[in-house]
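Undergrad: just need the structure, nothing else, for what follows:
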Amino acid sequence: MFPEYTANLLAQSLDAIDNIKEQASTEISALNISDFSINIGITIMLAFVLGQLYVRFGRSLSNRTTLARSFVLLASTTMVVITIVKSSLALSLGLVGALSIVRFRTAIKEPEELVYLFLCIAIGLGLGADQREVTGIAFGILAVIIVLSAMATPTDKQSAMFLTVTCTPSDTVTVPAILATASQFCNRVDLKRLDESDVILDVALHVGLSDIDQLESCRQALRELDSSVKVSFFDSKHV
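TA: Sure thing, here's the model as predicted:
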């Protein structure tokens with residue numbers, strides 16, 4: 001009796017698996033290609049606009065242009081995955097295991113970067129679930145909030161630049177000496193990075209300058225600290 005019960009249970013399990021496969025196959029084949037094309041087109045457009053907003057109004061110190069280029073691919077990939085997975089419970093359960101191995105491998109150091117990445121994923125999720133109206137309205141509201149927040153933030157008319165000072169450590173060239181010298185000629189001085197060893201001292205500052213004369217005066221004063229001092233300025237507006 002036990003072998004017969006086991007055989008019946010196995011047969012029922014196989015029938016259930018076949019039904020799931022048949023249902024998944026039917027639902028996937030029923031996907032509307034025209035709707036899919038429209039959704040992925042909207043996804044690409046919204047992700048591109050989001051990238052432009054990030055480059056224009058973002059305030060992170062990383063290379064915003066480089067990160068923004070990945071928005072379209074991230075949103076589109078998410079949209080395609082959700083479009084396929086939403087039609088089948090079996091595929092949805094499989095996705096849970098597949099996504100468990102996903103990790104952020106890039107150095108995401110600032111909350112703003114994570115916010116924009118989650119917005120990309122939200123665009124893909126919404127359009128993958130065929131929620132065009134909700135996704136479009138939500139994106140429009142968030143875009144307006146981003147623009148208004150940037151407009152409400154007081155703009156600094158002075159030029160924001162990164163100043164990098166590299167030299168050989170000595171009694172005359174120390175971090176306080178570099179900061180004090182830069183503060184004499186810059187309207188604002190913020191220490192962003194400090195790397196020090198027995199053979200090299202590397203200091204990165206975010207400074208505010210009103211004109212080229214301030215830059216030149218600061219450069220000369222820093223070079224006079226020691227002959228080993230190397231000074232680099234570069235614009236931080238679109239970095």
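Undergrad: contacts, neighbours, all on C-alpha from now
TA: Fine.
Undergrad: so residue 171, which of the three states?
TA: Secondary structure, DSSP: H, G, I helix; E, B strand; the rest coil: residue 171 is coil.
Undergrad: residue 225 sits in which helix or strand?
TA: Using DSSP states H and E, residue 225 sits in no helix or strand.
Undergrad: I'd say it and residue 173 touch.
TA: Yes - here residue 225 lies in contact with residue 173, judged by Cα atoms under 8 Å, at a distance of 6.2 Å.
Undergrad: can I get the helix or strand harbouring residue 65 in CSV, CA atoms only?
TA: Assigned by DSSP H and E, residue 65 belongs to helix 64-68. Extracted in CSV, the C-alpha atoms of helix 64-68 (Å, rounded to 0.1, in the frame of the first residue of the first chain):
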residue,chain,number,x,y,z
ARG,A,64,27.6,62.4,-12.2
THR,A,65,27.8,62.2,-16.0
THR,A,66,29.3,58.7,-15.9
LEU,A,67,26.7,57.4,-13.4
ALA,A,68,23.9,59.0,-15.3
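Undergrad: what's in contact with the helix or strand following that helix?
TA: Downstream of helix 64-68, the next assigned helix or strand under DSSP H and E is helix 71-85. Residues outside helix 71-85 that contact it (Cα atoms under 8 Å, 6 or more residues apart in numbering): 28, 36, 40, 43-44, 47-48, 50-51, 91-92, 95, 117, 120-130.
Undergrad: buried ones only from the residues you listed, please, as a ChimeraX command.
TA: Listed next is the ChimeraX selection for buried residues among these, using 16 or more other Cα atoms under 10 Å:
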select :28,36,40,43,44,47,48,50,51,92,117,120,121,122,123,124,125,126,127,128,129,130
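Undergrad: from the contacts of helix 71-85, which land in helices?
TA: Judged by DSSP state H, these include 28, 36, 40, 43-44, 47-48, 50-51, 91-92, 95, 117, 120-128 as members of helices.
Undergrad: what's around the residue lying closest to residue 178 once chain neighbours are set aside, how many residues?
TA: Leaving aside its sequence neighbours, residue 178 sits nearest to residue 222 (Cα to Cα, 6 or more residues apart in numbering; 7.0 Å). By the criterion of other Cα atoms under 10 Å, residue 222 has 22 neighbours.
Undergrad: ok so, going back, what mean pLDDT does the helix holding residue 65 get?
TA: Mean pLDDT, helix 64-68: 83.
Undergrad: follow-up on the earlier one: what strand or helix carries the residue nearest to residue 178?
TA: helix 212-223.
Undergrad: which strands or helices does the helix or strand just after that helix pack on?
TA: Using DSSP H and E, the next helix or strand after helix 212-223 towards the C-terminus is strand 230-235. The elements that strand 230-235 packs onto, with contact taken as 3 or more Cα pairs under 8 Å, 6 or more residues apart in numbering; DSSP states H and E, are strand 159-167, helix 212-223.
Undergrad: out of those, which one sits most buried?
TA: The highest average neighbour count among the helices and strands packed on strand 230-235, using mean count of other Cα atoms under 10 Å, belongs to strand 159-167 at a mean of 20.
Undergrad: quick one: distance of that one to the chain centre.
TA: 24 Å (Cα atoms, centre = their mean, to the nearest Å).
Undergrad: for residue 173, give me its contacts.
TA: Contacts of residue 173 by Cα under 8 Å, 6+ apart are 167, 225-226.
Undergrad: and which of these is nearest residue 138?
TA: residue 167 (50.4 Å; Cα to Cα).
Undergrad: okay, now the nearest residue to the closest one once chain neighbours are set aside: neighbour count?
TA: Once flanking residues are discounted, residue 167 sits nearest to residue 229: 4.4 Å by Cα to Cα, 6+ apart. Neighbour count for residue 229, taken as other Cα under 10 Å: 18.
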